[in-house]
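Engineer: pasting the sequence and the predicted model now:
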Amino acid sequence: MENYPSMRMSQLFTRTLRQAPAEAESEGHRLALRAGLIRQTAAGIYSYLPLGWRSYRKIEQIIREEMDAIGAQELSMPVLQPRERWEETGRWESFQPPLFKLRDRRGHSLCLGPTHEEVVTDLVRHHVRSYRDLPLLLYQIQTKFRDELRPRGGLLRAREFGMKDLYSFDATEDGLDESYHQVAKAYERIFDRCGLPWLAVEADSGPIGGKESLEFMLLGPAGDDEVVRCGQCGYAANREKARARKVHIAQGAPASLYEVSTPGVKTIAALAAFLGIPEHKTLKAVFYAADGRLIFAVIRGDLTINEVKLRNLLQCQELRLASDEEVKLAGLVAGSASPVGLTGIPIIADDSVADGNNFVAGGNRSDIHLVNVNYPRDFTAETLADIALARDGDGCPRCPGSLQITKGLEVGHVFKLGTLYSEPMRATFLDRNGHEQPVLMGCYGIGIGRLLAAAVEQNHDERGIIWPQAIAPYTIHLCALGVDNGNVHQAAEKLYTALRDSGHEVLFDDRLESPGVKFNDADLLGLPLRVVISPRTLSNDCVEVKRRRDKSSTSTSYGSLVQRLPEWLRS
RNA sequence: CGGGACGUAGCGCAGCUAGGCCAGCGCGCGGCGUUCGGGACGCCGAGGUCACGGGUUCGAAUCCCGUCGUCCCGACCA
């Protein structure tokens, strides 16, 4: 047997595939399958094969080191969690769609943990008594379960996935700020060490809740999120959170209201074309059902409603577009609906409606629109707020610059939770003055499989993966050509031993395969450094060295390889 | 959950519309031989409950009904 960090390809449990399984969509997913990193077991459920698992564990280890470095303590919490704990926070119902629920033989309800706020808060309330016990950073690397409505993109959105989750507990707001800052800094080091270019962006906190939150994104076309960035001041936010300066529409004097006949005109585009006016001179009406209650949302015609902003504003669980029946039942005329003269239905208006004037809006009668609608002269909203989706080219909310939208892939998320969980679960401590206070919490996640998938997604060429060195399954691909030649065989074995003994992680292709097969597999697997030994190199007493990301190779003398390796592996 | 598609060997697919000869092809896999610096070649060979259950029929991979699984598009997320 050989020692742990190296492997012979003739022994490796896995096989490279020439053709990717049909279920793979993205290039990264195809490569992960073809290279034999993972294999799908069921929808959104994957097995890691030895190569993939090595990378996974390297990522895990980097995370572990950085968490430990900021004084966090590792523990392990159960996957199987009792219903009662989730009822304390109300999430048994509110986390609804993705929560995996089950019953034991006595009919007792349990769930498979999608996250661990409830469990960790329970632990802390039993152990923390005093401000002297704080601050506290606890983390685990644990499998999570989420019954996603639709698993997708291989490891990118799985139903079972590995995640590092850390929770911070502080006595004061300043303390929480400090913990949050510490963890965010550690995250930066983690992604740097993994060799992945990241961007931290302001984010919405979603179902985890909380007030302040940052997402760590990898930018690139494979992303399923949209990132809004200012080229000048560095403002960056998830598009669902992003604020923007709306293009200001010049004001004229408010003119008097009148009706216009608009036969068959149902959409903003049609309305603008029919009347020969720009879309930003119209008002758009959109109807939502917020926890079953009908909402009339109004926004300037050229803008789009940001449903996340709207949901946060309404503080509702469920927000969806209202059905045709619901709209009809409320007496609204789709296509000509108007906030003017509307009663009985709450109106939520984007602040853009107060910025311009003399808009064209619906007339609440089929084929009739109103001209010169002005806010607040002709209608008022229950709430006037920013509910618009930021657009490419909009103004930066912080500086005179303008915003651009790019694709991003979320690999980490940090939240300030405050007392969102400690209050309902009564996780309290006694402060300096002997007063009982709820603990201030933060929570911080990194999806490990997702990070692995993202790394492959963003580091490949047409031949295969190009691993960042820190998370490659092995660092050196030792490729022996013509191993049936006794001299080559002997020299290659010697080299393999020498490389291992000098502490390198080597994948040794000792198979009796043709050169083409070996080179193609080496490119597919994408280890950072390829070393070729063959009758040809050996006749010159050489080996050939090539970095995966480089085009060409160089030779070095057989004897000098081990000594010279650092210059190839550096950076 | 709504809309669409698919399920035939480890992987990629054909056959199904107009039921019927031994269920095929490429890759991969095993043996022998010739090759050997970018997925070599020849010969021989192994491997299939045609997703599952029911039905129609003399006869079903093929037609009908049901179930399950998988993928894609939309709303949710690390």
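Structural biologist: Everything's here; your move.

Engineer: quick one: A:P221 and A:G408 touch, right?
Structural biologist: No: using CB atoms under 8 Å as the test, A:P221 is too far from A:G408 to be in contact (10.1 Å). Quick note: C-beta positions are derived from backbone N, CA and C, even for glycine.

Engineer: quick one: is the strand ranked longest in chain A near RNA strand B?
Structural biologist: Of all the elements of type strand in chain A, the one with the most residues (DSSP state E) is strand A:403-418. Yes: legend: contact between strand A:403-418 and RNA strand B by CB under 7 Å from any atom of the strand is shown at A:E410, A:V411, A:G412, A:H413.

Engineer: ditto for stretch A:30-41
Structural biologist: Yes: legend: contact between stretch A:30-41 and RNA strand B by CB under 7 Å from any atom of the strand is shown at A:R34, A:Q40.

Engineer: give me the buried positions along that stretch.
Structural biologist: A:R30, A:L31, A:A32, A:L33, A:R34, A:A35, A:G36, A:L37, A:I38, A:Q40 (16 or more other CB atoms under 10 Å).

Engineer: got those as TSV, with secondary structure and pLDDT columns?
Structural biologist: Shown next, in TSV, are the buried residues of stretch A:30-41 (DSSP: H, G, I helix; E, B strand; the rest coil; pLDDT from 0 to 100):
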residue	secondary structure	pLDDT
A:R30	helix	94
A:L31	helix	96
A:A32	helix	96
A:L33	helix	95
A:R34	helix	96
A:A35	coil	97
A:G36	coil	96
A:L37	coil	96
A:I38	strand	95
A:Q40	strand	92
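
Engineer: related to what we said a few turns ago, average model confidence for the longest strand of chain A?
Structural biologist: The average pLDDT for strand A:403-418 rounds to 91.

Engineer: just stretch A:341-355 next, same as before
Structural biologist: Stretch A:341-355 comes out with an average pLDDT of 87.

Engineer: run through who's touching it.
Structural biologist: Stretch A:341-355 is contacted by residues A:246, A:248-249, A:283, A:293-300, A:303, A:305, A:310, A:313-314, A:330, A:332, A:339, A:359, A:364, A:375-376, A:379-388 when judged by CB atoms under 8 Å, 6 or more residues apart in numbering.

Engineer: buried among those residues? Make that a ChimeraX selection.
Structural biologist: Of those, the buried ones can be selected in ChimeraX as follows, counting by 16+ other CB under 10 Å:
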select /A:246,249,283,294,295,296,297,298,299,300,303,305,310,313,314,332,339,359,364,375,379,381,384,387,388
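
Engineer: quick revisit: which SSE is immediately downstream of the longest strand of chain A?
Structural biologist: Using DSSP states H and E, the helix or strand that follows strand A:403-418 in sequence is strand A:428-430.

Engineer: surely A:G335 meets A:A361?
Structural biologist: No: taking contacts as CB under 8 Å, A:G335 lies outside contact range of A:A361: 11.9 Å.

Engineer: looking at the two, which is more packed in?
Structural biologist: Neighbour count, other CB atoms under 10 Å: between A:G335 and A:A361, A:A361 has more, with 26 against 17.

Engineer: if you count what's nearby, which of A:P221 and A:G408 comes out ahead?
Structural biologist: Using other CB under 10 Å, the more surrounded residue of A:P221 and A:G408 is A:G408, with 26 against 11.

Engineer: and the residue of the stretch 451-571 of chain A closest to RNA strand B?
Structural biologist: Nearest to RNA strand B, among the residues of the stretch 451-571 of chain A, is A:G516, at 2.7 Å (CB to the nearest atom of the strand).

Engineer: which SSE is that residue in?
Structural biologist: Element membership for A:G516 (DSSP H and E) is helix A:515-525.

Engineer: give me the buried positions along that helix.
Structural biologist: Residues A:K518, A:F519, A:N520, A:D521, A:A522, A:D523, A:L524, A:L525 are the ones in helix A:515-525 that count as buried (16+ other CB under 10 Å).

Engineer: which helices and strands does that helix pack with?
Structural biologist: On a contact count with 3 or more CB pairs under 8 Å, 6 or more residues apart in numbering; DSSP states H and E, helix A:515-525 meets strand A:476-480, strand A:506-509.

Engineer: is any part of the shortest one close to RNA strand B?
Structural biologist: If I follow you right, that is strand A:506-509. No: contact of strand A:506-509 with RNA strand B (CB under 7 Å from any atom of the strand) is absent, the minimum separation being 10.5 Å.

Engineer: hey, what's the residue of the stretch 301-450 of chain A found nearest RNA strand B bridged with?
Structural biologist: With CB to the nearest atom of the strand, the shortest gap between the stretch 301-450 of chain A and RNA strand B falls at A:G447, namely 2.7 Å. Beta-bridge pairing of A:G447 under DSSP bridges involves A:M163.

Engineer: and it, how many residues sit next to it?
Structural biologist: Residues lying near A:G447 (other CB under 10 Å) number 23.

Engineer: quick one, what contacts it?
Structural biologist: Counting by CB under 8 Å, 6+ apart, A:G447 touches A:F161, A:G162, A:M163, A:V411, A:G412.

Engineer: ok but the first one is inside a strand, no?
Structural biologist: Yes: with the criterion set as DSSP: H, G, I helix; E, B strand; the rest coil, the secondary structure at A:F161 is a strand.

Engineer: now name the helix or strand holding the nearest residue in space to it that is not next to it in sequence.
Structural biologist: Once flanking residues are discounted, A:F161 sits nearest to A:G449: 5.0 Å by CB to CB, 6 or more residues apart in numbering. For A:G449, the host element (DSSP H and E) is helix A:448-458.

Engineer: up against RNA strand B, what does the stretch 451-571 of chain A have?
Structural biologist: Counting by CB under 7 Å from any atom of the strand, the stretch 451-571 of chain A comes close to RNA strand B at A:463, A:481-482, A:484, A:512, A:514-517, A:519-524, A:532, A:534-537, A:544, A:546, A:553.

Engineer: could you rerun that using 6 Å?
Structural biologist: Residues of the stretch 451-571 of chain A found near RNA strand B (CB under 6 Å from any atom of the strand) are A:463, A:481-482, A:484, A:514-517, A:519-521, A:523-524, A:532, A:534, A:536-537, A:544.

Engineer: number of residues surrounding A:C399?
Structural biologist: For A:C399, the tally of surrounding residues (other CB under 10 Å) stands at 14.

Engineer: residues in contact with it?
Structural biologist: Here A:C399 is in contact with A:C230, A:Q232, A:C233, A:Y235 (CB under 8 Å, 6+ apart).

Engineer: considering these, which possesses the most neighbours?
Structural biologist: Counting by other CB under 10 Å, top hit in the contacts of A:C399: A:C230 with 22 neighbours.

Engineer: surely that one touches A:I405?
Structural biologist: No: using CB under 8 Å, A:C230 is not in contact with A:I405, being 11.2 Å away.

Engineer: any bit of the worst-scoring helix or strand of chain A on mean pLDDT sitting next to RNA strand B?
Structural biologist: With mean pLDDT, DSSP states H and E as the measure, the helix or strand of chain A carrying the lowest mean pLDDT is helix A:324-329 (a mean of 76). No: residues of helix A:324-329 are not located near RNA strand B by CB under 6 Å from any atom of the strand, the shortest gap being 13.1 Å.

Engineer: and that helix, what does it pack against?
Structural biologist: Packing partners of helix A:324-329 (3+ CB pairs under 8 Å, 6+ apart): strand A:283-290.

Engineer: and the contacts of the strand it packs on?
Structural biologist: Outside strand A:283-290, the residues touching it (CB under 8 Å, 6+ apart) are A:268, A:294-301, A:303, A:305, A:307, A:310-311, A:314, A:316, A:318-323, A:326-327, A:330, A:332, A:334, A:337-339, A:353, A:359-362, A:373.

Engineer: same deal with stretch A:554-563?
Structural biologist: Outside of stretch A:554-563, the residues within contact range by CB under 8 Å, 6+ apart are A:491, A:495, A:498-499, A:502, A:531, A:533, A:537-538, A:540-546, A:564.

Engineer: can you point out the buried residues in stretch A:260-268?
Structural biologist: For stretch A:260-268, a neighbour-count test (16+ other CB under 10 Å) marks A:T262, A:V265, A:I268 as buried.
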